[in-house]
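*Asks:* Here is a sequence with its predicted model. Questions after.
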Amino acid sequence: MTHTDIVSGGWVGRLSPKWRAYALLARLDRPIGSWLLFLPGLWGILLPHGVPPTARLRLILLFAIGSVVMRSAGCVVNDMWDRDIDRQVARTAGRPLASGALGMGEAAAFLCLLLLTGLVVLLCLRPLCWALGVASLLLVALYPLAKRITWWPQLMMGFTFGFGAPMGYVAATGRIDAGFALIYAAAILWDLGFDTVYGFQDMRDDALVGVKSTSRMMAGVPRRFVGACYALALLCLGAAGTVAHLSWPFWPALLLPAALLARQVMRLDKDDAAACLRLFRANREVGLAIGLALAAGHLPG
């Protein structure tokens, strides 16, 4: 059976063919991507002291909406760039643009609607976030090109998907400092690790098509590389907690995501595509556990 990550059942399967195509183009059948875009933003919001609870809750809601919208926009851009490559890869051949279910004009109009919605969310944040939001659009536009010119497209993905962390930090604090840099570094390294796991699904097809990937480059040392990414991400999180003066409950709480990441590394089998997809999806729980640890750091110590 051909391996694919498209989920055509559930509520998506009950939509009309045209609406189903738009839902699949936005990856609404697979909310894990929205989670993985949202969670670094949650970290950035939860890291600093001195933010009123109501302000944190408002920002979390805005970032949740923005993550769904901007993840969908990124997927549309990706599929517009990659429609010819997607037709040649088993996992992606059923995507709406690759299969012909939607045309480029329809995708472009949908993209404009998503970006307009994202702009409304952005304007609800601090003015400093507006400049960062413009910078993030450049990353979204360039990310699909990375696989054509570098062996590190997963790192580019980390810079793109991890951008929510510094955005969340600035939205909560209005400043750029060491906490901003460290929480972004943690998100980049975490993303690099789990997207390398995700990329192991496509190595054979990528080699045939000529697409570069960190997964292909690190195929000889998959556990060592992914483990190093996760370990460095945890070190950056620890450093972020230190500069933010989080209380001692942060440290034992950080052991839970550390254990979840270690389990991923131990269970990693680069030749089992379905297992790699399961490990990739397990990072939602990892990201939530990190958010819990950061929240614990605001308890009395």
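*Replies:* Received it, and whenever you're ready, just let me know what you need.
*Asks:* Quick check: buried residues in stretch 143-154?
*Replies:* Buried positions in stretch 143-154, judged by neighbour count with 16 or more other Cβ atoms under 10 Å: 143-144, 146-147, 152-154. In short, each C-beta sits where N, CA and C put it, glycine included.
*Asks:* got a list of contacts for that stretch?
*Replies:* Identification of contacts with stretch 143-154 by Cβ atoms under 8 Å, 6 or more residues apart in numbering yields 74, 77-78, 81-82, 156-157, 160, 191-192, 195-196, 199, 206, 211-217.
*Asks:* Could you provide the buried residues of stretch 143-154 in a markdown table, with additional columns for secondary structure and distance to residue 175?
*Replies:* As requested, those are exported to a markdown table (DSSP: H, G, I helix; E, B strand; the rest coil; distance: Cβ to Cβ, whole Å):
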| residue | secondary structure | distance to residue 175 |
| --- | --- | --- |
| 143 | helix | 27 |
| 144 | helix | 32 |
| 146 | helix | 30 |
| 147 | helix | 35 |
| 152 | coil | 30 |
| 153 | helix | 31 |
| 154 | helix | 30 |
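*Asks:* Where is pLDDT lowest across these?
*Replies:* Lowest pLDDT of the buried residues of stretch 143-154: residue 144, 71.
*Asks:* Distance-wise, check it relative to residue 273.
*Replies:* Look at residue 144 and residue 273: by Cβ to Cβ, to the nearest Å, they are 21 Å apart.
*Asks:* Ok, residue 122 next?
*Replies:* 36 Å.
*Asks:* Also residue 188?
*Replies:* From residue 188 to residue 273 the distance is 25 Å (Cβ to Cβ).
*Asks:* neighbour-wise, which of those two wins?
*Replies:* Taking residue 188 and residue 273 together and counting by other Cβ atoms under 10 Å, residue 188 has the greater number of neighbours (25 against 20).
*Asks:* thought the more buried one was touching residue 163?
*Replies:* No - Residue 188 sits out of contact with residue 163 when judged by Cβ atoms under 8 Å, with a separation of 9.0 Å.
*Asks:* List the residues that are in contact with both of these two.
*Replies:* Common contacts of residue 188 and residue 163 (Cβ under 8 Å, 6+ apart): none found.
*Asks:* what about the stretch 1-150 of the chain, any weak spots by pLDDT?
*Replies:* 1-9 (pLDDT under 70).
*Asks:* same check, this time on the stretch 151-300 of the chain
*Replies:* Counting by pLDDT under 70, the stretch 151-300 of the chain contains no low-confidence residues.
*Asks:* can you pull out the helices in it?
*Replies:* Under the criterion DSSP state H, counting those that start in this stretch, the stretch 151-300 of the chain contains helices at 153-161, 164-173, 178-199, 203-209, 214-217, 222-243, 250-253, 255-267, 273-281, 283-296.
*Asks:* and the ones you listed, which is most packed in?
*Replies:* helix 164-173 (a mean of 27; mean count of other Cβ atoms under 10 Å).
*Asks:* Show me the contact partners of that helix.
*Replies:* Counting by Cβ under 8 Å, 6+ apart, residues outside helix 164-173 touching it are 37-45, 47-48, 50-51, 55-56, 59, 62-63, 67, 125-126, 128-129, 132-133, 136, 176, 179-181, 183-184, 186-187.
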